[in-house]
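>>> got a predicted model here, sequence first, then my questions.
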There are 2 protein chains.
Amino acid sequence: MSSAYRPQDLETIVETYEDGFSGRKTAEIVGISYRQLDYWARTDLVRPSLADAKGSGSRRRYSYRDLLELKVIKQLLDAGLKLESVRDVFAYLRESLGEDIATANLVINGKNSVVVASGDELIDVLNAGQGVFNVLALGGVKDDLDAAIVELRPTPAASPAAEPDLDAEAPPASAV
Amino acid sequence: MSSAYRPQDLETIVETYEDGFSGRKTAEIVGISYRQLDYWARTDLVRPSLADAKGSGSRRRYSYRDLLELKVIKQLLDAGLKLESVRDVFAYLRESLGEDIATANLVINGKNSVVVASGDELIDVLNAGQGVFNVLALGGVKDDLDAAIVELRPTPAASPAAEPDLDAEAPPASAV
DNA sequence: TAGGCGGATGACACCGGTGAAACTACCCCG
DNA sequence: CGGGGTAGTTTCACCGGTGTCATCCGCCTA
């Protein structure tokens, strides 16, 4: 899928982030503005789990999992969801996210209902229910995130290997 | 499904609306505020197709199809979509809406892509694509709308047959 | 210990969406 | 033909989310 990099690269790169990701870097990787990241932290949507801000001069530190959540949020926003409903989603979602990310689908129905199904279950859910469903394949989110981490890896002056440009943006619309 | 009324009732009732639905009535039936209806008309989201407003004191007249569109919009908003993306959707959707409403599904992907698939096609699309999909079964929308029209039919004083009270609010969430 | 720099914070503005209330025009009935 | 009620229009205001800029603070390095 996403650009050509040896999977091992990701591990290596992530190791260099053992203290977590800074606010600005996080925003850059996830593809959101620093203002958004800041606002979301203040309003308890996603707080940096490694180190929270405590007064001016302190530093937020985001974990890889934080980035994952942030990326999911960005996807939902890009899909046209209101930030408000994203909040509702994460109120429920947080615990169930994390294990089988590669295959799981996030299904949002109405304002409260949130489900993580996998594969065929999804179809049953869609057939059964009413109203609007928002479906997000989590595997793609992780892929995007990993690709972005690789693209935006540190030491920008010491890696002339591959051009770190392009395809860091939107996953092609494909089908549809 | 929704309360007990003979299907013929709907036709009869709709006939009494041959001049179309007034703004207030439309808002009531669709389940939105008059303010929203007004704002949407001003900002070209849904204009009353039978008679538009021209100066204070004039009257807007909405067609049944207008109500259908409005109901779809309401569903999307209830699902947590931003009004902005609803606008994008309707820029494309308008022509394809109308024929096979009962079975069609509205699929929204990203900001631009809009598709109306039916039945199994839907599943293919979901498997193929990336990102977030918003799926809306249009049949349910029509059912809800029809039920609301029956509930809120005119001549509230002249129809002692069935008590036209209660459950005039939200069409039961059922399923889900 | 003194700078300097990265980054959190605060203040301000702006825009979209909506509620509330005042204003106004049309229609119908007497 | 005039009054009243109904309904559309207009204005004011608020809130959430975000951009921008200025400020302030703490850590790190020299």
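Sure thing, it's come through. Predicted model only: the values in this text are computed from it and were never measured.

>>> from now on I want contacts and neighbour counts done on CA atoms only, so please keep to that.
OK.

>>> mind pulling up the pLDDT for the residue in chain A sticking out farthest from the centre?
Note on chain A: the largest separation between a C-alpha and the mean C-alpha position, by CA atoms, centre = their mean, falls on residue A:128 (28.6 Å). What the model reports as pLDDT for residue A:128 is 77.

>>> poorly predicted segments of chain A, please.
In the predicted model, chain A carries pLDDT under 70 at residues A:1-8, A:98-99, A:155-176.

>>> and it, which of its residues are near DNA strand D?
Taking CA under 7 Å from any atom of the strand as the criterion, the neighbours of DNA strand D within chain A are A:33-36, A:39-40, A:55-58, A:82-84.

>>> show me these that map onto helices.
Residues from the residues of chain A next to DNA strand D lying in helices, with DSSP state H as the criterion: A:34-36, A:39-40, A:83-84.

>>> which members of the residues you listed additionally contact chain B?
Counting by CA under 8 Å from any CA of the partner chain, residue A:84 from those sit close to chain B.

>>> by neighbours, which of the ones in helices among the residues of chain A next to DNA strand D wins?
By neighbour count, taken as other CA atoms under 10 Å in any protein chain shown, the most surrounded of those turns out to be residue A:83 (18 neighbours).

>>> what's next to the helix or strand containing residue A:66, contact-wise?
Under the assignment given by DSSP states H and E, the secondary-structure element containing residue A:66 is helix A:64-78. Helix A:64-78 is contacted by residues A:20-21, A:26, A:30-32, A:46-49, A:83, A:86, A:98, A:138, A:141-142, A:145, B:110-111, B:131-132 when judged by CA atoms under 8 Å, 6 or more residues apart in numbering or on different chains.

>>> return the set of buried residues in it.
Of the residues in helix A:64-78, those scored as buried under the neighbour-count criterion (16 or more other CA atoms under 10 Å in any protein chain shown) are A:64, A:66-78.

>>> gap between the residue farthest from the centre of chain A and residue B:89?
If you measure residue A:128 against residue B:89 using CA to CA, to the nearest Å, the figure is 24 Å.

>>> which residues of chain A lie near chain B?
Residues of chain A lying close to chain B (CA under 8 Å from any CA) are A:75-76, A:78-82, A:84-85, A:109-111, A:123, A:128-137, A:140-141, A:171-176.

>>> which ones among these map onto helices?
Members of the residues of chain A next to chain B lying in helices (criterion: DSSP H): A:75-76, A:78, A:84-85, A:123, A:128, A:140-141.

>>> ok, so of those residues, who is nearest residue B:15?
residue A:128 (33.4 Å; CA to CA).

>>> circling back: in a markdown table: the residues of chain A next to DNA strand D, plus distance to residue A:153.
Converted to a markdown table, the residues of chain A next to DNA strand D look like this (distance: CA to CA, whole Å):
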| residue | distance to residue A:153 |
| --- | --- |
| A:33 | 18 |
| A:34 | 18 |
| A:35 | 22 |
| A:36 | 22 |
| A:39 | 25 |
| A:40 | 24 |
| A:55 | 28 |
| A:56 | 27 |
| A:57 | 25 |
| A:58 | 23 |
| A:82 | 31 |
| A:83 | 29 |
| A:84 | 32 |
